[in-house]
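Colleague: 3D, please:
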Amino acid sequence: MLRVAVLVSGGGTNLQALLDEKARGGLKNAEFALVVSSRPGVFALERAQKAGVPTAVIARRAYASAADYDQALLKVLRENRIDAVVLAGFLSILGMPVIEAYPRRILNVHPSLIPSFCGEGYYGLRVHECALQKGVKVTGATVHLVNEIPDGGEILLQKAVEVLPGDTPEILQKRVMEQAEWIVLPRALDMLCNGEID
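Modeller: Alright, predicted model coming up:
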C-alpha cells in the first residue's frame, strides 16, 4: 500500500475521479494520505475534507523563490510519509529536489496527447484553445512520469478524444476530462501502486 499525496491548485475534478475510483473499490494499493493545494480556498480542499483526506495549503506566493517552495513542499511530504505524488491540475512546476526525492513516483495528467500542446505555459484552457486554433480532429489526455522537463517525462497512458464541430475550449476541456483524464489517471496510479512501473 503506497501513501499517496495529490497536489492540486483548483477545483479538484481529477482528485474527485481518484477518490471515486477508490470508493468503488479500485486503487486497492493506494492510500490517499494527503491533498496539498498551492492556493488557499480552492474547492479541491473541500473535496478532500469530505472524503476524510488530510489537507495542507502551501501557497506558492508565500515563498520568495521556487527553491524555498520546493523545500516547504518536501518537508510536508516527508512529515506525512508520502510514497508517491500525483499532480492533478497542480499549476506549479516542481523543482529537482522534489523530483529527485520521488524518482519515477510522480505522475502528472496533461490535457492533450503529448507531444502536442505541452510544455511550459500549456495548462488549463490554453491547451484546448491551441488545439482548436490548430484545427486538430483528435485530442485527449496523457499521464506521464514527471522529470525535469515540463511534460517531458515518460508517457504511461494516453487516451484520444474526438474534437467536434462547434467545440469551444470549455466544451472540449469538459469532454477531455470526462472521456480521458478521469479514466487514465486512476489507471496509471493503479499501475504505480501495483509495482508495474519500474
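Colleague: got a list of what the residue most central in space within the chain touches?
Modeller: In the chain, the residue lying closest to the centroid (Cα atoms, centre = their mean) is A88, at 2.3 Å. Under the criterion of Cβ atoms under 8 Å, 6 or more residues apart in numbering, the contact partners of A88 comprise 6-8, 12, 14-15, 18, 44, 109, 185. (Glycine included, C-beta is placed from N, CA and C.)
Colleague: chain center to stretch 154-169, what's the gap?
Modeller: Going by Cα atoms, centre = their mean, to the nearest Å, the spacing between the C-alpha centre of stretch 154-169 and its chain's C-alpha centre is 16 Å.
Colleague: swap that for stretch 153-166, please
Modeller: A distance of 15 Å separates the centroid of the chain from that of stretch 153-166, by Cα atoms, centre = their mean.
Colleague: for that stretch, how far is the first residue from the last?
Modeller: One end of stretch 153-166 sits 33 Å from the other (Cα to Cα, to the nearest Å).
Colleague: which of the residues in stretch 92-106 are buried?
Modeller: Applying a neighbour-count criterion of 16 or more other Cβ atoms under 10 Å, the buried positions in stretch 92-106 are 92-95, 98-99, 101-102, 105-106.
Colleague: repeat for stretch 124-137
Modeller: If you call a residue buried by 16+ other Cβ under 10 Å, then stretch 124-137 has these buried ones: 127-131.
Colleague: hmm, who's touching it?
Modeller: So stretch 124-137 is contacted by 91, 110-112, 116-118, 122, 139, 162-163, 167-170, 172-173, 176 (Cβ under 8 Å, 6+ apart).
Colleague: now stretch 51-59
Modeller: For stretch 51-59, using Cβ under 8 Å, 6+ apart, the contacting residues are 6, 19, 23, 32-40, 45, 48-49, 69, 72-73, 76, 80.
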